[in-house]
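K.L.:
A structural model of the following input is requested.
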Amino acid sequence: MPEPTPKYLTPEMPDAHHQLEWALTARLVDMDALRAALNNPETNIDRHINGYTPLHIAISRHQFDAVVALVAAGADIDKPDYQGYTPYDYCCRYSFAQAEAYLKEAGAEAALYGAYYGQPLYGEEVLETHHPNVQQLFALSHHNQDRLRQALDNGADPNSRVYNAQRLILHMAMIDCNVDAVRLLLAAGANPAAPMPDGCPMCEVMWRSAARHYFTPRWHETYDLVEERGGMGLFAKNPKDWGVAELRLSNHTYGKNFLSLLCEAGRLDIVRDIARRDTAGFLNADDFLKDNGKILRGIYREGLLPQLFTTDIWQGRLEEMMRVYNACTPQMQKYGKVDIQAACAAVVCYRQNKMAEKARQKGFRLP
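P.N.:
Just a heads-up that it's a prediction; the model follows:
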């Protein structure tokens, strides 16, 4: 039985395996620590870390230098993770074209596990020798719409389940924001109303995509496409029409409200856009101070604290903004790079401009 990961990892861990884990799982991959761990003769570079090899982790984090360092140190480029997926599969899954080309040149193979086969499938043979449903999975994983169309023409079931029956093939395409694939699958008869096994409605599956995709054009296009065909969401409004009230709604996938989800995922830009657009709704200090300040700490960790103290979010409500700033720890205030004096001046100026505008609307002459 593998040793459990310590609750707190540090660069000075005495165990070589945990040094390697620290280097790869720190908020920013520590290349110096990684090289030191790889130069340690006691390091097993193919040992699983919570079910994944170090190479899987480097690929999932889009760290090409780490991928090159691991391969150069002798990492097994075909060793699967606990589900049977190889590093090359991860390159396709995480759209990491640079690493995919590098591993392919190094001789890596894909080992896709389909809904009907328990054995790995290699290379181009999948298109000719295996069930159309597996052809479909192969095509989707490689973002090849022509092959996906060919698999559907060969009789692939657009409602087939993959990954131990946890997801429909349509769910996979939606999570990847692959609009063309979603369109092909729906045209072939995929059920736009089919929920995830845990009950997550079809349109809410979009929140399981990577945070960097949230509210991008292709994210919205995918959402709209499924919704137009009858896909159900938890909420009446389309995300494009959201206001501040929707940010306070609970998210089915993560068990937290959308404000928490977006802030902790580093997407404070979406929060600012919604707050700026919704002139009738207001974010309060309490919205950011819930759960003992967990949202505030998440914003700080992502380096986004300066974006929080702006008129886009607070408009002219200086008191609410200062409640949040005063709740920041001394460390946040010191290293968060917030110019609170400039922020206060901007909020006061915003308030004065609004008051002047109201006065003019009532017919008062201003100096």
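K.L.:
span of stretch 138-158 from start to end?
P.N.:
Using CA to CA, to the nearest Å, the end-to-end distance of stretch 138-158 comes to 13 Å.
K.L.:
buried set for it?
P.N.:
138-144, 147-152, 156-158 (16 or more other CB atoms under 10 Å). (Each C-beta comes from the backbone N, C-alpha and C, glycine too.)
K.L.:
got it, and stretch 204-219?
P.N.:
Buried residues in stretch 204-219, defined by neighbour count with 16+ other CB under 10 Å: Glu204, Val205, Met206, Trp207, Ser209, His213, Tyr214, Phe215, Trp219.
K.L.:
which single one of those residues is nearest to Ala101?
P.N.:
His213 (22.6 Å; CB to CB).
K.L.:
from Asn257, how far out is that closest one?
P.N.:
Remark: distance between His213 and Asn257 (CB to CB, to the nearest Å) = 20 Å.
K.L.:
try Asp273
P.N.:
Relative to Asn257, and taking CB to CB, Asp273 is found at 17 Å.
K.L.:
neighbour count winner among the two?
P.N.:
A side-by-side neighbour count of Asp273 and Asn257, using other CB atoms under 10 Å, places Asn257 first with 19 against 14.
K.L.:
in the sheet, who's paired with that one?
P.N.:
Ser250 (DSSP bridges).
K.L.:
list the contacts of it.
P.N.:
Contact analysis of Asn257 by CB atoms under 8 Å, 6 or more residues apart in numbering lists Leu247, Arg248, Leu249, Ser250, Asn251.
K.L.:
if we use 10 Å, what do you get?
P.N.:
Contacts for Asn257 were tallied using CB atoms under 10 Å, 6 or more residues apart in numbering; they are Glu246, Leu247, Arg248, Leu249, Ser250, Asn251, Cys263, Asp287, Lys290, Asp291, Ile295.
K.L.:
related to what we said a few turns ago, and the buried residues of stretch 204-219, which two are furthest apart?
P.N.:
Across the buried residues of stretch 204-219, no pair lies farther apart than Val205 and Phe215, at 15.5 Å, counting by CB to CB.
K.L.:
list the buried residues for stretch 169-188?
P.N.:
Neighbour-count burial for stretch 169-188 [16+ other CB under 10 Å]: 169-179, 181-186, 188.
K.L.:
my bad, stretch 276-295
P.N.:
Per 16+ other CB under 10 Å, stretch 276-295 contains these buried residues: Asp278, Leu283, Ala285, Asp287, Phe288, Gly293, Ile295.
K.L.:
which residues touch Ala275?
P.N.:
Per CB under 10 Å, 6+ apart, neighbours of Ala275: 243-244, 247, 259, 281-283, 310-315.
K.L.:
about what we covered before: so of the buried residues of stretch 204-219, which ones are in helices?
P.N.:
Counted as lying in helices by DSSP state H, out of those, are Trp219.
K.L.:
got the buried residues of stretch 204-219 as CSV, with pLDDT and distance to Gln98 columns?
P.N.:
As requested, the buried residues of stretch 204-219 are arranged in CSV below (pLDDT from 0 to 100; distance: CB to CB, whole Å):
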residue, pLDDT, distance to Gln98
Glu204, 83, 32
Val205, 85, 28
Met206, 87, 26
Trp207, 86, 28
Ser209, 86, 21
His213, 88, 19
Tyr214, 91, 24
Phe215, 91, 26
Trp219, 93, 23
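K.L.:
need the contact list for the spatially most central residue of the chain.
P.N.:
Centroid check for the chain by CA atoms, centre = their mean gives Ala210 as the closest residue, at 2.3 Å. Shown in contact with Ala210 (CB under 10 Å, 6+ apart): Tyr94, Ser95, Ile175, Asp176, Cys177, Trp219, Ala265.
K.L.:
for it, phi and psi?
P.N.:
Dihedral angles of Ala210 (phi, psi; degrees, to the nearest 10) stand at phi -60, psi 140.
K.L.:
state the distance from it to Asp76.
P.N.:
Distance of Ala210 to Asp76, given as CB to CB: 27 Å.
K.L.:
also Arg167?
P.N.:
For Arg167 relative to Asp76 (CB to CB), the value is 28 Å.
K.L.:
of those two, give the one with the bigger neighbour count.
P.N.:
Neighbours were counted for Arg167 and for Asp76 using other CB under 10 Å; Arg167 has more, 20 against 15.
K.L.:
if we can go back for a sec, for Val68, state which of the buried residues of stretch 204-219 is nearest.
P.N.:
Of all the buried residues of stretch 204-219, Val68 sits closest to His213, with 26.4 Å by CB to CB.
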